[in-house]
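Enquirer: Need coordinates for the following:
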Amino acid sequence: MNISVITVSFPLDGETLKELKLLCEEATSHDYRVYETVMNIPMASSFESKGFMVLAYEDDKDVLVGAASAIDLMGLHTYEWSLVISPAYRQKGIGTVLVEGIQAGLNDRGAEGQLAVVIDGSPYGHTFIENRGFIYSFSEATLETKAEPVVLQHNISIQPYNHEQAELITIYSEAFGDLPEESVELIAFNTSTTGRELWVAYRDGEIVGTVTTAQESEIQWVTALAVHPHYEGQGIGTALLAFSKDYASKIGAKFVMLDVEIDNIKALSVYEKAGFMKAQQIDYYVKQ
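Expert: Okay, the predicted model is just below:
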């Protein structure tokens, strides 16, 4: 068996994307795990996405048998990467070659950090990553619900971002522990990336929360949801989630999805009450 490995930067061409989708569908059918999202396929065709893939082909059959995908989601020189291998070609050393390709690609791009991403319960995934010098860091659950019209609270107004930077810096700092410069970068990313919309919630003229929506085909992602600390426990987060479902239905999305760390019990409770259910868990590993 002869394997050829190539590295390609985003955006990928249509033929390569088609091959990747077939590979992910094959692995998903075999493992009962959804690989398209962790392999960044929805973003791989965008000129705005900063990332690359390492592709492994079997020469004799000219078929894609493995791939690794790395992406700098926030433009901060920290890449998240994952890999998928055709079930028939596992435990044949292809994974090791893909990881070597990812590490070389990260080095070439001057990456300042990396997170290896493994779907919880995927065959061999956790052991494979740990054997290559990575240690567990944290886990996120992907939650989902249907996009649908929602009757919104009349006393809360949710508007597109209009230069409320100082107020959002305060909210992000309290909610996420971000430094001011990190909040500025987050705001810039969420207001300049195609498909992303930054929203600000007002009540009685005061800024009480924020959320960002990001559309990927029939899915609308919810991210950077935060409530001003003075207004926690007053239904602001629930109102932002209701708005997100309503807005998703208006733009033609079918599902609303979000990621939350599994040890964030408070946030999980809010999301579950808003109708979100756990679809998948992702485990993150850092290099020792």
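
Enquirer: hey, which helix or strand in the chain has the poorest pLDDT?
Expert: One helix or strand of the chain scores below all others by mean pLDDT, DSSP states H and E: helix 265-273, with a mean of 90.

Enquirer: which helices and strands sit right next to that one?
Expert: Packing contacts for helix 265-273, counted by 3 or more C-beta pairs under 8 Å, 6 or more residues apart in numbering; DSSP states H and E, involve strand 134-146, helix 236-250, strand 255-261. Backbone N, C-alpha and C define where each C-beta goes, glycine included.

Enquirer: try 10 Å this time
Expert: Contact here means 3 or more C-beta pairs under 10 Å, 6 or more residues apart in numbering; DSSP states H and E; on that basis helix 265-273 packs against strand 134-146, strand 219-227, helix 236-250, strand 255-261, strand 277-287.

Enquirer: would you turn those into a markdown table with mean neighbour count?
Expert: Below are those laid out as a markdown table (neighbours: other C-beta atoms under 10 Å):
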| stretch | mean neighbour count |
| --- | --- |
| strand 134-146 | 16 |
| strand 219-227 | 22 |
| helix 236-250 | 21 |
| strand 255-261 | 19 |
| strand 277-287 | 16 |
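
Enquirer: Which among these is found nearest to Ala27?
Expert: Across those, Ala27 has its closest neighbour in strand 277-287 (13.7 Å, C-beta to C-beta).

Enquirer: what angle separates that closest one from strand 255-261?
Expert: On the basis of axes from the mean of the first three to the mean of the last three C-alpha atoms, to 10 degrees, strand 277-287 is oriented at 40 degrees to strand 255-261.

Enquirer: Strand 134-146 and strand 277-287, what's the angle between them?
Expert: 160 degrees.

Enquirer: per-residue confidence averaged over strand 277-287?
Expert: Across strand 277-287, the average pLDDT comes to 94.

Enquirer: can you check stretch 154-167 too?
Expert: 95.

Enquirer: So Phe176 is in contact with Glu182, correct?
Expert: Yes: contact criterion C-beta atoms under 10 Å: Phe176 and Glu182 qualify, at 8.3 Å.

Enquirer: Between those two, tell me which one has more neighbours.
Expert: Taking neighbours as other C-beta atoms under 10 Å, Phe176 and Glu182 compare with Glu182 leading, 16 against 13.

Enquirer: residues in contact with the more buried one?
Expert: Contacts for Glu182 (C-beta atoms under 10 Å, 6 or more residues apart in numbering) come out as Met74, Leu76, Ile169, Tyr172, Ser173, Phe176.

Enquirer: Tell me, how many residues neighbour the fourth one?
Expert: Burial of Tyr172 is recorded as 21 neighbouring residues (other C-beta under 10 Å).

Enquirer: Chain neighbours aside, what residue packs nearest to it?
Expert: Leaving aside its sequence neighbours, Tyr172 sits nearest to Ser183 (C-beta to C-beta, 6 or more residues apart in numbering; 4.2 Å).

Enquirer: can you give me the helices in this protein?
Expert: For the chain, applying DSSP state H gives helices covering 14-31, 94-108, 125-130, 165-176, 180-192, 236-250, 265-273.
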